[in-house]
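In: I'd like to go over a predicted model; first the sequence, then the structure.
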Amino acid sequence: CPPPQSGRPRLRVTRSTRSPVISFLASSPYGFVDFVPRRRGRRIRAEATARTRQEKEQQEAEVSAVEDSFAVREAAAAPPPEEEGGFDEELTLAGEDGDWVVRFEQSFNVFLTDTVIFILDILYRDRDYARFFVLETIARVPYFAFISVLHLYETFGWSRRADNIKVHFAESMNEFHHLLIMEALGGNSVWLDRFLARFSAFFYYFVTVGMYMLSPRMAYHFSECVERHAYSTYDKFLKLNGEELKKLPAPEVAVNYYMNEDLYMFDEFQTSRAPNSRRPKVDNLYDVFVNVRDDEAEHCKTMKACQTHETLRSPHAVQSSIEADAE
Ligand SMILES: [Fe+2]
Ligand SMILES: [Fe+2]
């Protein structure tokens with residue numbers, strides 16, 4: 001650091017003026033070390049660090065409060081209107097007058113989701129990319145399970161739901177690209193994380209197949225809970241790390257997926273909007289996580305629709321029928 005200019009008033013730290021002086025010195029281009037004795041400088045630095053930590057904790061508490069308002073059991077807080085892809089739909093929960101079977105299914109799903117979230121919070125408190133890698137490895141599984149069961153039913157001639165299979169496959173491909181993005185960011189660098197993710201995914205597949213055979217409604221509701229957690233995880237990550245993420249480049253796999261690759265498949269999993277109506281930008285890592293978060297919101301909406309609609313319609317099939325009607 002260059003020495004202070006001659007003629008500049010020498011600053012003196014006193015007890016009564018400590019906080020404003022510390023603030024001024026910390027923001028000085030010369031740095032406060034030049035102006036104060038070493039021991040006092042250390043104390044000032046410790047105080048400044050403690051204050052920064054306190055501010056960070058306060059910010060995390062605020063974000064946590066936002067997340068709590070978007071918890072599995074409760075209604076989602078409405079996002080700002082300008083926020084692209086904002087998701088404000090509530091989790092489907094049967095009321096007091098609902099069927100007791102539905103209430104049991106949903107309570108079980110919420111308990112299961114909360115338990116998994118509790119474990120992930122312990123294991124991945126400070127390792128975001130590893131947590132996302134595990135989440136995305138598991139997130140693909142239910143779509144594969146749905147397709148397996150629907151394919152089996154079709155083979156036996158019991159039912160034919162081609163649109164469901166098509167949409168679930170598109171959802172699975174979307175989750176696959178989320179996984180590639182997390183791998184590109186180093187989320188899979190630790191052997192134990194890879195083992196845990198793949199081991200959990202193996203069992204999750206059979207649990208989902210069994211649940212889907214017993215009650216498709218329950219399996220779709222469980223997936224809605226999982227997708228809702230994925231949305232809120234990415235939303236919280238963006239709120240806490242937005243500024244740093246804007247300075248980092250987007251992985252190539254994300255640019256290719258959102259801008260250059262098969263956009264027919266990208267449109268196919270977005271059942272609540274018309275094809276070609278969502279074309280996100282990918283200028284930096286922040287955009288990538290916004291897109292991933294918004295994808296999770298689309299999955300959530302589809303899972304919710306699947307619980308009430310007899311048959312899911314492919315967005316392209318809907319568009320074709322509208323065009324046919326218009327002719
Ligand atoms: Fe995902
Ligand atoms: Fe998802």
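Out: All right, it came through fine. Ligands and ions are numbered 1, 2, ... in the order given.

In: Residue of the stretch 51-200 of the chain nearest ligand 1, please.
Out: His178 (3.7 Å; C-beta to the ion). Yep, even glycine has a C-beta here, placed from its N, CA and C like the rest.

In: Going by contacts, tell me the helices and strands next to the strand or helix carrying that residue.
Out: Element membership of His178 [criterion: DSSP states H and E] is helix 162-184. Contacts defined by 3 or more C-beta pairs under 8 Å, 6 or more residues apart in numbering; DSSP states H and E place helix 162-184 against helix 128-139, helix 141-155, helix 252-255, helix 263-268, helix 285-308.

In: in that helix, what's buried?
Out: 163-175, 177-184 (16 or more other C-beta atoms under 10 Å).

In: and the chain, which residues reach ligand 1?
Out: 136, 139, 175, 178 (C-beta under 5 Å from the ion).

In: Give the other helices and strands that whichever strand or helix holds Leu238 contacts.
Out: Assigned by DSSP H and E, Leu238 belongs to helix 216-246. Using 3+ C-beta pairs under 8 Å, 6+ apart, the elements in contact with helix 216-246 are helix 38-68, helix 100-123, helix 128-139, helix 141-155, helix 191-214, helix 285-308.

In: so can I have a markdown table of the residues of the chain next to ligand 1 showing pLDDT?
Out: Shown next, in a markdown table, are those (pLDDT from 0 to 100):
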| residue | pLDDT |
| --- | --- |
| Glu136 | 95 |
| Ala139 | 89 |
| Glu175 | 96 |
| His178 | 96 |
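
In: just the residues you listed now: which is nearest ligand 2?
Out: Closest to ligand 2, out of all of the residues of the chain next to ligand 1 and judged by C-beta to the ion, is Ala139, at 4.5 Å.

In: Nearest spatial neighbour of that closest one, chain-adjacent residues omitted?
Out: Glu175 (4.7 Å; C-beta to C-beta, 6 or more residues apart in numbering).

In: Please tell me the pLDDT value assigned to Phe266.
Out: Phe266 is assigned 91 on the pLDDT scale.

In: my read: it touches Asn174, true?
Out: Yes. Counting by C-beta atoms under 8 Å, Phe266 does reach Asn174; the two are 7.2 Å apart.

In: before we move on, back to that, can you narrow the residues of the chain next to ligand 1 down to the ones near ligand 2?
Out: Applying C-beta under 5 Å from the ion to the residues of the chain next to ligand 1, those adjacent to ligand 2 are Ala139.

In: Among the residues of the chain next to ligand 1, which pair sits farthest apart?
Out: Spatially, the most separated pair among those is Ala139 and His178, at 7.1 Å (C-beta to C-beta).

In: Residues of the stretch 51-200 of the chain that sit close to ligand 2?
Out: Counting by C-beta under 5 Å from the ion, the stretch 51-200 of the chain sits next to ligand 2 at Ala139.

In: pLDDT below threshold where in the stretch 51-200 of the chain?
Out: For the stretch 51-200 of the chain, the stretches with pLDDT under 70 are 51-98.

In: Pick out whichever of the residues of the chain next to ligand 1 sits closest to Arg313.
Out: Glu175 (20.9 Å).

In: can you list the domains in this protein?
Out: With domains defined by automatic domain parsing, the chain comprises 1-68, 90-326.

In: any idea which of these is most buried?
Out: domain 90-326 (a mean of 17; mean count of other C-beta atoms under 10 Å).

In: Relative to ligand 2, which residue of the stretch 151-300 of the chain is the closest?
Out: For the stretch 151-300 of the chain, C-beta to the ion, closest residue to ligand 2: His299, 4.0 Å.

In: Hmm, that residue is touching Arg228, no?
Out: No. Using C-beta under 8 Å, His299 is not in contact with Arg228; the gap is 9.3 Å.

In: got the contact list for the residue nearest to Phe108 when sequence neighbours are not counted?
Out: Leaving aside its sequence neighbours, Phe108 sits nearest to Met218 (C-beta to C-beta, 6+ apart; 7.8 Å). For Met218, the contact set (C-beta atoms under 8 Å, 6 or more residues apart in numbering) comprises 105-106, 108-109, 211.
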